[in-house]
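Sequence and predicted structure below; questions after.
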Amino acid sequence: MMRRLAGIWIFLLCLGGTLAAAQSPAQAPPEYPRLYVTPKPETLVPGWPLVVDVEIVHAERGDADGARDTVLAPDWHRHLRLDAWQRPRESLRGKPRPPFLGWPFKLTANTSGRLVVSRRGTPADKRVVHFVLSPAETAKILPGVYEIEAELAPRSVEGGGGSWRVKGPYSAQLTVREAPAELTGSVACDAVRAQADYHAALGEPRRAVAVLDEFLVRNAATADTLCWGARGQLAERHGQLREAVEYYRKANRAYRRDYKPTDNPDAIREPPYQLHCMSLLDTLAGRKTGRNEAINPTAEKMLPEKMLGRPRRDTCD
């Protein structure tokens with residue numbers, strides 16, 4: 001009896017050691033990245049250009065034990081698939097996905113080099129690729145609701161081989177609608193932003209700037225916050241921080257001009273570019289923006305400096 005118990009004990013110890021070895025970080029399979037799909041614009045009128053950003057992000061954002069960097073092999077973009085299918089009006093539960101439509105997406109970025117996808121962060125210009133459809137191509141798309149789906153094949157991972165898999169496709173919704181009978185200010189802004197995004201994705205930043213500038217000069221009194229904000233983003237992207245601040249200020253003023261109060265009179269709605277614009281002002285002044293300083297721009301305007309515990313910072317009104 002004692003021998004039998006001793007034998008079982010030894011077997012359990014060996015089994016435990018085997019399981020521990022199988023679960024150790026050294027045995028972990030290569031990490032697969034996540035894909036974030038962003039169509040621009042999210043609501044498309046046929047005849048507008050379409051840009052779809054696909055962002056490659058590490059699967060583990062934290063410091064999980066065993067999480068490793070993923071290295072995408074040279075020419076990894078050749079294994080990145082993007083297509084669309086139309087969502088039916090009825091539920092898809094229990095039914096197969098509709099077939100892909102074969103939209104002729106064109107990859108615009110040069111991603112021929114290897115890419116290290118790290119949970120510690122990889123520069124955005126390295127991990128975001130752009131796909132486009134020209135105005136002539138979107139003119140053929142019928143109104144409806146579509147899913148744009150992206151998938152990256154396992155063989156794109158350096159050293160991963162067949163052991164690496166994307167758990168499933170990643171998708172984003174795109175709504176295609178007919179051109180409105182009346183071109184409102186917001187629709188006009190959406191159209192010009194679609195053009196600017198298209199030229200920027202094609203590597204034509206000057207053309208993107210020219211398209212926005214022409215629109216903003218003609219519609220300075222009515223242009224909405226998103227158009228001014230888009231111009232600020234272009235300026236910031238090219239290192240023109242002071243110019244970006246001024247465009248963000250105009251975006252904030254446009255927001256206040258067009259903002260319609262809610263039923264709650266105590267609700268405080270900050271303009272969408274306020275926080276980021278204040279952060280740029282800190283950068284220009286050589287200050288670091290603390291987390292507690294970035295969350296409440298209203299306090300900068302209302303509270304005395306003694307209560308703030310520091311000099312009042314500039315806002316972007």
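Yep, it's here. Residues are numbered from 1 along each chain as shown.

how much space between Arg249 and Met302?
19 Å (Cβ to Cβ, to the nearest Å). All C-beta atoms are positioned from the backbone trio N, CA, C, and that covers glycine.

higher neighbour count, these two?
Arg249 (19 against 11; other Cβ atoms under 10 Å).

Which pLDDT value goes with the more buried one?
Predicted confidence (pLDDT) for Arg249: 95.

What of Leu12?
Reported pLDDT for Leu12: 44.

Next: Gly121.
65.

ditto for Thr289
Reported pLDDT for Thr289: 70.

Surely it forms part of a helix?
No: note on Thr289: no helix contains this position according to DSSP: H, G, I helix; E, B strand; the rest coil, which reports coil.

Just to check, it is in contact with Asp282?
Yes: with contact defined as Cβ atoms under 8 Å, Thr289 reaches Asp282; the gap is 4.6 Å.

Now do the residue nearest to Leu115 when sequence neighbours are not counted against Tyr248, distance only.
The shortest distance from Leu115 to any non-neighbouring residue, by Cβ to Cβ, 6 or more residues apart in numbering, is to Leu72 (4.3 Å). Per Cβ to Cβ, Leu72 is found 35 Å from Tyr248.

which residues of the stretch 51-200 of the chain fall in helices?
All helices of the stretch 51-200 of the chain, identified by DSSP state H, counting those that start in this stretch, fall at 124-127, 135-138, 185-201.

among those, which is nearest Ser156?
helix 124-127 (13.4 Å; Cβ to Cβ).

can you give me the strands for the stretch 1-150 of the chain?
Here the stretch 1-150 of the chain has its strands, by DSSP state E, counting those that start in this stretch, at 34-40, 43-44, 50-57, 70-72, 80-86, 106-107, 115-117, 128-133, 144-152.

Save the ones you listed as a markdown table, and put in distance to Val187 and mean pLDDT too.
As requested, these are exported to a markdown table (distance: least, Cβ to Cβ, whole Å; pLDDT from 0 to 100):
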| stretch | distance to Val187 | mean pLDDT |
| --- | --- | --- |
| strand 34-40 | 15 | 91 |
| strand 43-44 | 9 | 96 |
| strand 50-57 | 16 | 91 |
| strand 70-72 | 39 | 76 |
| strand 80-86 | 23 | 92 |
| strand 106-107 | 26 | 94 |
| strand 115-117 | 37 | 76 |
| strand 128-133 | 19 | 93 |
| strand 144-152 | 19 | 93 |
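
CSV for these, including distance to Arg218 and mean neighbour count?
Shown next, in CSV, are the strands of the stretch 1-150 of the chain (distance: least, Cβ to Cβ, whole Å; neighbours: other Cβ atoms under 10 Å):
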stretch, distance to Arg218, mean neighbour count
strand 34-40, 23, 18
strand 43-44, 23, 18
strand 50-57, 23, 21
strand 70-72, 44, 22
strand 80-86, 34, 18
strand 106-107, 30, 15
strand 115-117, 41, 19
strand 128-133, 26, 21
strand 144-152, 32, 19
